[in-house]
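**Q** Next one to model:
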Amino acid sequence: MNISDISDIEDLTPAERRVWEAFPLGEGVDFREDPDEDPAAGASWGPERTVRAEVLRAMLLDGPVRDGRTAGLKVWGARITGVLHLMYGTVGHPVRLRSCHFDDVPNLYGAQIPTLVLTDSVLPGLTAGNLRVENVVRITCCRIRGPVRLAGARITGAVFANQARLGTPGEPAEEPLLQLNHAEIGTDVWAEGLVSHGQVRLNGATVGGQVNLHNAQVLDPGGTALHAETLTVGTDVHATGFTARGRVNLSGARIPRHLSFAHADLSNPGGTALRASSCVVGELWLRDAAPVVGEVNLRRAQVDVLHVPPQVWPGRVWIDGLSYRVLAPHLPAEQRLPLLEREAEGYLPYAYEQLTTAYRTVGDDAAARAVQLAKLRRHRRTLPRHARLWGYLQDAAVGYGFRPMRAAGWLLLLLCTGTAAFALHHPPALKPSEAPGFNPLFYTLDLLLPIIDFGQEGAFAPHGWYQWLAYLLIVMGWILATTIAAGVTRSLNRQ
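**A** Numbers count the residues shown, from 1 in each chain. Purely as a prediction, here's the structure:
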C-alpha cells in the first residue's frame with residue numbers, strides 16, 4: 001500500500017513522511033533536538049516535528065508493511081495534533097510514542113494493541129477503557145493532566161506508571177485520575193514514585209503478580225485517595241514509603257502475601273485513613289510508619305501476621321472480628337492492651353480473646369493471662385454498680401484467678417494476724433473439761449478454712465474485740481475460698 005491509496009489524508013508533511021517511511025521497517029524516528037528536552041513545551045514545536053493523529057491512525061490500522069520486516073510505530077519528541085482515534089480498532093503493530101506532546105486526549109476505547117508505550121510523554125488525558133493489550137502498557141514518567149481511563153482493560157503483561165505525574169496540584173479532579181477498576185493485569189502494576197493529585201482506582205481489579213506503590217503519593221484530601229475494594233493480587237501490594245492524603249480503601253481485598261505500608265504516611269483527618277475491612281491478607285505491615293491520622297477500620301479482616309507498632313495506631317480503631325495469628329514485633333501485653341481500649345464499638349470480648357490467642361501461639365502464657373485479666377476488668381466496667389462489687393473482691397483477692405499467689409498472700413497475712421492476736425489472748429473454752437489444748441495457729445486455720453476442722457473453733461469462744469476478729473477471719477476465709485474456686489474453674493475452662 002502506498003500513500004496515494006489513502007484518499008482521506010492530504011499530502012504528508014516532511015515530518016509525517018519520515019514516520020510513514022520508518023513504520024514498515026519498524027525503525028524509530030527521533031525529532032528531539034536534545035534527549036533532555038521537556039515535552040511540556042511541545043505546544044510550541046513547529047511543523048518540522050508535528051504529526052497529525054489521523055496520519056498515525058491510518059498507519060496503525062492499514063499502514064504499509066514490508067515483507068521480512070516487523071512494522072511498528074516508534075517515535076520520539078513529536079507533537080501530535082488532533083485526536084488519535086483508535087476506538088474499537090484492531091492494531092497489529094506495537095505503538096511507541098515516547099517524549100511526545102499530545103494536543104488532545106487519545107481515544108483507544110475497546111481497541112486491541114500489541115504494546116502501548118507513552119513513556120515521558122505529556123497528555124491532557126487518556127481514554128482506553130476496555131483496552132486489549134497483548135504485552136505491556138507504559139505511561140512511565142508521563143505527565144497527564146486529566147484522567148487515565150483503563151477501566152475494564154485486559155492487559156496480558158504489566159502496567160508501568162513509575163514516576164508518572166497525574167492531575168494538577170491545587171485543582172480538584174472531577175474523576176479518578178488513574179482508573180484500573182475491574183481491569184485484568186496478567187503480571188504486575190508498577191507505580192513507584194507515582195504522584196497523583198486525585199484518586200487512584202483499582203477496585204475490582206485482578207493483578208496476577210504484585211502492585212508496587214513504593215514511594216508513591218496519592219493526594220485527594222477529604223476524599224478517597226486509593227480506592228481498591230475487592231482488589232485481587234497474586235502476590236503482594238508494596239506501598240513502602242507510600243503517602244496518602246485521603247482515605248485508603250482496601251475493603252474486601254485478597255492479598256496472599258504482603259500488604260506493606262512500612263514507612264508510609266496515611267492521613268485523613270476527621271475520617272477513615274485506612275479501611276481494610278473483610279480483607280484476607282498474608283502479612284499486614286505498618287512497620288516504621290508515621291502515626292496514622294484518622295480512623296483505622298480492620299473489621300472482619302483475616303491476617304496471618306500483623307506487624308504494627310503500638311505508636312502507629314490512631315486514637316480510634318475498628319477491630320470487631322479482626323483475626324490474626326501472630327503479632328509483630330513481640331511486645332509485652334501492657335503495650336498492646338491500649339489498642340483494645342480504642343475500639344470504637346466499646347468492649348469487645350472477641351478482641352481480647354484474639355490477643356490472648358496470639359500470645360499463646362508464640363508461647364507467652366504470662367502475657368496471655370495479663371490480657372485475660374484486662375478483659376475481665378474491662379467487662380466489669382460494663383456491669384451495674386451493685387454487680388461490680390463481687391468483681392472487685394475477686395480482683396483484689398486472686399486477680400480473677402490469674403493471680404493465685406495473691407490469695408496465698410492474703411491467707412498468710414490473715415493467718416499471722418489471727419495467730420498473733422489469739423496467742424496474746426486465749427479465748428475461753430466452752431467446756432473446759434472436754435476442750436483440747438488451745439493452739440492459736442490451728443485455731444486461726446479453723447476460722448479461715450471452712451472445709452477443714454482441727455477441733456479448735458468449736459471448743460473455744462472468744463469475746464469482745466476478739467469475737468469480731470473471729471467473724472472477720474471466717475468471712476474472709478469464705479470469700480477467698482469462693483474466689484479461688486471461681487479462679488480454678490475459669491482456668492480449667494480455658495484449658
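
**Q** Contact partners for the closest residue to Gly89 other than its chain neighbours?
**A** For Gly89, ignoring the flanking residues on the chain, the nearest one in space by Cβ to Cβ, 6 or more residues apart in numbering is Ala111 at 4.9 Å. C-beta coordinates here come from the backbone N, C-alpha and C atoms, glycine included. Residues in contact with Ala111, defined by Cβ atoms under 8 Å, 6 or more residues apart in numbering, are 86-91, 128, 131-132.

**Q** With Asn215 instead?
**A** So, once contact is read as Cβ under 8 Å, 6+ apart, Asn215 ends up touching 192-193, 240-242.

**Q** Of the contacts of Ala111, which is the most crowded?
**A** Sorting these by how many neighbours each has (other Cβ atoms under 10 Å) puts Ala128 first, at 27 neighbours.

**Q** I figured it hits Leu118, correct?
**A** No - using Cβ atoms under 8 Å, Ala128 makes no contact with Leu118, being 10.2 Å away.

**Q** number of nearby residues for Trp478?
**A** 13.

**Q** quick one: it and Pro450 touch, right?
**A** Yes - between Trp478 and Pro450 there is a contact under Cβ under 8 Å: 5.8 Å.

**Q** So, low pLDDT: which residues of the stretch 101-250 of the chain?
**A** For the stretch 101-250 of the chain, no stretch has pLDDT under 70.

**Q** would you list every one of the strands in the stretch 251-400 of the chain?
**A** For the stretch 251-400 of the chain, applying DSSP state E, counting those that start in this stretch gives strands covering 254-260, 265-275, 280-285, 293-297, 302-307, 317-318, 323-328.

**Q** Mind listing what's buried along the fifth one?
**A** Looking back up the chat, that one is strand 302-307. For strand 302-307, the neighbour count (16 or more other Cβ atoms under 10 Å) marks 303, 306-307 as buried.

**Q** Next one: the residue lying closest to Gly125 once chain neighbours are set aside from Gly152, what distance?
**A** Leaving aside its sequence neighbours, Gly125 sits nearest to Gly146 (Cβ to Cβ, 6+ apart; 3.0 Å). Here Gly146 is placed at a distance of 18 Å from Gly152 (Cβ to Cβ, to the nearest Å).

**Q** on that earlier part again, most surrounded residue in the contacts of Asn215?
**A** With neighbours taken as other Cβ under 10 Å, the top of the contacts of Asn215 is Phe242, carrying 26 neighbours.

**Q** Please tell me I have it right and that one contacts Phe261.
**A** Yes - Phe242 is within contact range of Phe261, at 6.1 Å (criterion: Cβ under 8 Å).

**Q** Just the buried residues of stretch 50-69, please?
**A** Those would be 50-60, 63-64, for stretch 50-69 by 16+ other Cβ under 10 Å.

**Q** let me redo that: stretch 281-289
**A** 281, 283-287, 289.

**Q** again, but for stretch 440-451
**A** Within stretch 440-451, the residues scored as buried using 16+ other Cβ under 10 Å are 440, 442-449.

**Q** Which of those residues fall in helices?
**A** Residues of those located in helices (DSSP state H): 440, 442-448.

**Q** Please name whichever of the strands of the stretch 251-400 of the chain is nearest to Pro428.
**A** Smallest distance to Pro428 across the strands of the stretch 251-400 of the chain (Cβ to Cβ): 62.8 Å, for strand 323-328.

**Q** What pairs with the closest one, parallel or antiparallel?
**A** Strand pairing for strand 323-328, using DSSP bridges, gives strand 302-307 (parallel).
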